[in-house]
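In: below are the sequence and a predicted model for it; my questions follow.
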Amino acid sequence: MSGAFRGRRVLVVGAGVAGRAAAEALASEGASVVVTDVRDAAAIGDVSGLEALGADVRLGRHDPSDLDGADLLVASPGIPPSAEVFAWARERGVPAWGELELGAHLATAPYLAVTGTNGKTTTTGMLAACLQAGGIEAVACGNIGHPFTTAARTACEALVVEVSSFQLDRQTSFHPVVSVLLNLAPDHLDHHGSFDAYRRAKAAIYAQQTGTDIHVGNRDDAAAAAVSSVAPCRIRWFRDGEPMEDEVGYRDGRLVARIDRRSVDLGEVDAGRAGYREDAAAAAVAALAYGVDPDAIAAGIASYAPAAHRGETVAEIDGVRFLDNSKATNVHAALAAITGVRRAVLIAGGRAKGQDLTPLGRGADNLVAVIAIGEASAEIEAVFRGRLPVTQVATIEDAVRAAFGQAARPGVVLLAPGCASWDQFASYVERGERFAAAAHALGDGDADG
Ligand code: UMA
């Protein structure tokens, strides 16, 4: 503990993963901490960890008096920009930091950062694996679930931070040595208010970067490339085709870097997973930019095991394969997953987050039927009506049974919701787990139930 926040009085908003980590970091650095959350004690569960830190925990609502005596507010990423608590802080002249701002003040190791609409977690993991294969003690953290504010205080040589658009708001000090923008498509419009505001949040990843820092952009994604091309530092690119000088791309299915007018082979990449090639190419450019040896990059990418709920087969029953892409929480990701299947039954829906779901219709040729779930089920039905049979159901279990009934033999049932899980589940993880459990139940003889 350095006592960097000694004598400060800080209001932490949100007692979820980010808020708890922020409170712990601040308390360990000498601050006196108040934590507020709109959820009540019954909903929030155990807060004894926060109380043990000496934090004053106030549950059930936010109140202007929470800011009494405070000289700083630290907000969790999910607090919407329109939340009253920010207006109260403004009125009192109390600065409002996001999670990244606090992490940036605490970090002692250099950090690399990855954002984009899709593929962040995979790219972050792969990039950390490349650095580790190169002998660098690197830790993957951030939106991935291991808060940046916690990782920033652990001893290591580099951090690879997954950053969401939510986190990129309310920071003016986050300064990665290498930043990556993987792709850009409408998402989280309910939180940011518009695609333009979402794009501005993403562009904030490079706001503090200067001359010798490196930003990595995607040549194949016009919307993302437009943002990347104006980064205020050096820019390196990846693409899905033949790479140009200083780029990483693909030749004959193999990942290839063009360095000093030579082609360097970085190995084979699993083409079966949606978005995986893009993620590997991005990780390779970022690792090269950080000075990692090409052999280590090839080893890092080959060793990386993707996290769950990103398109893996979770069950195979009577010739029907169940693919779990619960992490496809927006239209862009769902379409990428649909592109990888043939004659599948799609399970889609959930909370649309203000997205236009119409582009999902482009996947219709790869599907035989659609099962619509959750808040957006009527919108999903409207997208496919007249083109495919669509069934609206209440639960994921009903969806799995209906999809199994309509699937070809052999065939595929694909969970690629295109929407957030938050209307019916705590997270996409819970949605994926319930999907897999329901598929297994069919195999256990519950096929009619
Ligand atoms: N809350 C309030 N007031 C409000 C709104 C919410 O008190 O006005 C409270 C809620 O009651 C809840 C807490 O805030 O108790 C939740 O905070 P949060 O939504 O910021 O979630 P955390 O649990 O703190 O987790 C956050 C990220 N979640 C979101 O951005 C929604 C996690 O990303 C991240 O791993 C974690 O911080 C550590 O950095 C998850 C995510 O879904 C994986 N991210 C989105 C995505 O990937 O699409 C952006």
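Out: Perfect, I can see it now.
In: OK, contacts around the residue nearest the centre of the chain?
Out: Residue closest to the average C-alpha location in the chain (Cα atoms, centre = their mean): Lys120, at 5.2 Å. Going by Cβ atoms under 8 Å, 6 or more residues apart in numbering, Lys120 touches 114, 143-144, 162-164, 182. Where C-beta positions appear, they are placed from N, C-alpha and C, glycine not excepted.
In: just the residues you listed that are near the ligand?
Out: Counting by Cβ under 6 Å from any ligand atom, 143, 164 from the contacts of Lys120 sit close to the ligand.
In: from the contacts of Lys120, pick the one nearest the ligand.
Out: When the contacts of Lys120 are compared for distance to the ligand (Cβ to the nearest ligand atom), Ser164 wins out at 3.6 Å.
In: give me the pLDDT value at that closest one.
Out: As summarised for this prediction, Ser164 has a pLDDT of 97.
In: that one contacts Thr115, doesn't it?
Out: Yes - using Cβ atoms under 8 Å, Ser164 is in contact with Thr115, at 7.0 Å.
In: the stretch 201-350 of the chain: helices as residue ranges?
Out: In the stretch 201-350 of the chain, the helices defined using DSSP state H, counting those that start in this stretch lie at 222-228, 276-289, 294-303, 331-339.
In: wait, doesn't Lys202 sit right on Val114?
Out: No - using Cβ under 8 Å, Lys202 makes no contact with Val114, being 11.3 Å away.
In: just to revisit the earlier point, give me the subset of the contacts of Lys120 lying in strands.
Out: 114, 162 (DSSP state E).
In: of all the contacts of Lys120, which two lie farthest apart?
Out: Greatest spacing in the contacts of Lys120, by Cβ to Cβ: Ile144 and Leu182 (13.9 Å).
In: the more surrounded of the two?
Out: Counted by other Cβ atoms under 10 Å, Ile144 and Leu182 do not tie: Leu182 has more neighbours, with 26 against 22.
In: got a list of what the more buried one touches?
Out: Counting by Cβ under 8 Å, 6+ apart, Leu182 makes contact with 114-120, 123, 218, 224, 278-279, 282.
In: would CSV of those residues with pLDDT be doable?
Out: Shown next, in CSV, are the contacts of Leu182 (pLDDT from 0 to 100):
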residue, pLDDT
Val114, 98
Thr115, 98
Gly116, 97
Thr117, 95
Asn118, 93
Gly119, 93
Lys120, 95
Thr123, 97
Asn218, 98
Ala224, 98
Glu278, 95
Asp279, 96
Ala282, 98
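In: closest to Ser194 out of those residues?
Out: The closest of these to Ser194 turns out to be Thr117 (Cβ to Cβ; 14.9 Å).
In: could you find the closest non-adjacent residue to Ile136?
Out: Glu157 (5.1 Å; Cβ to Cβ, 6 or more residues apart in numbering).
In: pLDDT value on that neighbour, please?
Out: Glu157 carries a pLDDT value of 98.
In: hang on, the earlier thing: Lys202 and Val114: which is more packed in?
Out: Between Lys202 and Val114, counted using other Cβ under 10 Å, Val114 has the larger neighbour count: 34 against 26.
In: the residue in the stretch 201-350 of the chain that the ligand sits nearest to: how many residues sit nearby?
Out: Nearest residue of the stretch 201-350 of the chain to the ligand, counting by Cβ to the nearest ligand atom: Thr329, 5.8 Å away. Thr329 has 28 neighbours, counted by other Cβ under 10 Å.
In: would you mind measuring from Val320 to Ile347?
Out: Between Val320 and Ile347 the distance is 13 Å, computed by Cβ to Cβ, to the nearest Å.
In: of those two, which one has the most company?
Out: More crowded of Val320 and Ile347, by other Cβ under 10 Å: Ile347, with 31 against 23.
In: does the more buried one touch Ala399 like I think?
Out: Yes - with contacts counted by Cβ under 8 Å, Ile347 reaches Ala399, the gap being 4.7 Å.
In: which residues of the stretch 301-449 of the chain lie near the ligand?
Out: Thr329.
In: tell me where the stretch 301-449 of the chain has strands.
Out: 312-317, 320-324, 344-349, 367-373, 390-392, 411-415 (DSSP state E, counting those that start in this stretch).
In: typo on my end, it should be the stretch 51-200 of the chain
Out: Here the stretch 51-200 of the chain has its strands, by DSSP E, counting those that start in this stretch, at 56-59, 72-75, 96-97, 111-115, 138-142, 158-162, 178-181.
In: same list (these) but as CSV, adding distance to Ala87.
Out: Listed next are the strands of the stretch 51-200 of the chain as CSV, based on distance: least, Cβ to Cβ, whole Å:
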stretch, distance to Ala87
strand 56-59, 18
strand 72-75, 11
strand 96-97, 10
strand 111-115, 27
strand 138-142, 28
strand 158-162, 29
strand 178-181, 31
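In: for these, which one sits closest to Glu430?
Out: Taking Cβ to Cβ, strand 158-162 is the member of the strands of the stretch 51-200 of the chain nearest to Glu430, at 19.9 Å.
In: give me the contact list for the closest one.
Out: Strand 158-162 has contacts (Cβ under 8 Å, 6+ apart) with 100, 103, 107, 109-115, 120-121, 124, 127-128, 131, 136-144, 148, 151-152, 176, 290.
In: so how do I select the buried members of these in PyMOL?
Out: This is how PyMOL selects the buried members of the contacts of strand 158-162, with burial counted by 16 or more other Cβ atoms under 10 Å:
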select buried, resi 100+103+107+109+111+112+113+114+115+120+121+124+127+128+131+136+138+139+140+141+142+143+144+148+151+152+176+290
